[in-house]
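> Here's a sequence, model it:
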Amino acid sequence: MSRIGRKPIVIPAGVEVKVDGHDVTVKGPKGTLHSTIHSMMTATVENGEVVVTRPNDEKEARSLHGLTRTLIANMVEGVTNGFKKELEIQGVGYRAAKQGKDLVMNLGYSHQVVVPEEDGITIEVPDPLKIIINGIDKQRVGQFAAKVREKRPPEPYKGKGIRYVGEHIIRKEGKAGKGAKK
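From the prediction side, this is the model:
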């Protein structure tokens, strides 16, 4: 059996999990998440834990088992603690600011780049070179962070652009760096 799939998900205090057929609803202090699991998988709530089971040991069922369990665990984690992604901006003159519900960035273009806040996503800008994206849905937080990073991805020569905190950018030498004649 899948080591991840057979592990039960402990439901913390203040969180309510409802399973109605293949629909899973998780309510917690930060909000409510709803998801539909694959028709092959079965989720049950017993003794304060969510248990995901599979019908057989076929390859598709095995792969869906761990995935389904992880998706439900992420829902439980999201409504209790939430998820966040941190981005940092590098480059001379590059900066970000929050105006109302919009993220306004100067990224070396002739115009400002404006990214509006989405439902369920909050943006914080503690200083002009750092952006923090918060939310309860892990997939939406990651997707929104990727959308912001896409506005100016880090380039390999000087490393300028928007990157995740802790992301390593593989740097290249410029054309004068390799065997240049003096």
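
> And the strand or helix carrying Arg163, what does it pack against?
Assigned by DSSP states H and E, Arg163 belongs to strand 161-164. Using 3 or more Cβ pairs under 8 Å, 6 or more residues apart in numbering; DSSP states H and E, the elements in contact with strand 161-164 are strand 83-90, helix 138-149. (C-beta placed from N, C-alpha, C; glycine too.)

> May I have the last one as PDB, with CA atoms only?
Think helix 138-149. Taking C-alpha atoms only, helix 138-149 is exported to PDB below (Å, rounded to 0.1, in the frame of the first residue of the first chain):
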ATOM      1  CA  LYS A 138      -2.300  25.700  -1.500                       C
ATOM      2  CA  GLN A 139      -2.700  25.400  -5.200                       C
ATOM      3  CA  ARG A 140      -4.200  28.900  -5.700                       C
ATOM      4  CA  VAL A 141      -1.400  30.500  -3.500                       C
ATOM      5  CA  GLY A 142       1.300  28.700  -5.600                       C
ATOM      6  CA  GLN A 143      -0.400  29.600  -8.900                       C
ATOM      7  CA  PHE A 144      -0.800  33.300  -7.900                       C
ATOM      8  CA  ALA A 145       2.900  33.400  -6.800                       C
ATOM      9  CA  ALA A 146       3.900  31.900 -10.200                       C
ATOM     10  CA  LYS A 147       1.800  34.500 -12.000                       C
ATOM     11  CA  VAL A 148       3.500  37.400 -10.100                       C
ATOM     12  CA  ARG A 149       7.000  35.800 -10.700                       C
END
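
> Can you tell me what sits against that helix?
Helix 138-149 is contacted by residues 74, 77-78, 83-85, 87, 103, 115, 118, 120-121, 131, 133-135, 162-164 when judged by Cβ atoms under 8 Å, 6 or more residues apart in numbering.

> how about 7 Å then?
Residues from elsewhere that reach helix 138-149 (Cβ atoms under 7 Å, 6 or more residues apart in numbering): 74, 78, 83-85, 87, 103, 115, 118, 120-121, 131, 133, 135, 162.

> and what of the first one?
Residues lying outside strand 83-90 but in contact with it, judged by Cβ under 7 Å, 6+ apart, are 95-96, 129-135, 138, 141-142, 145, 148-149, 159-165.
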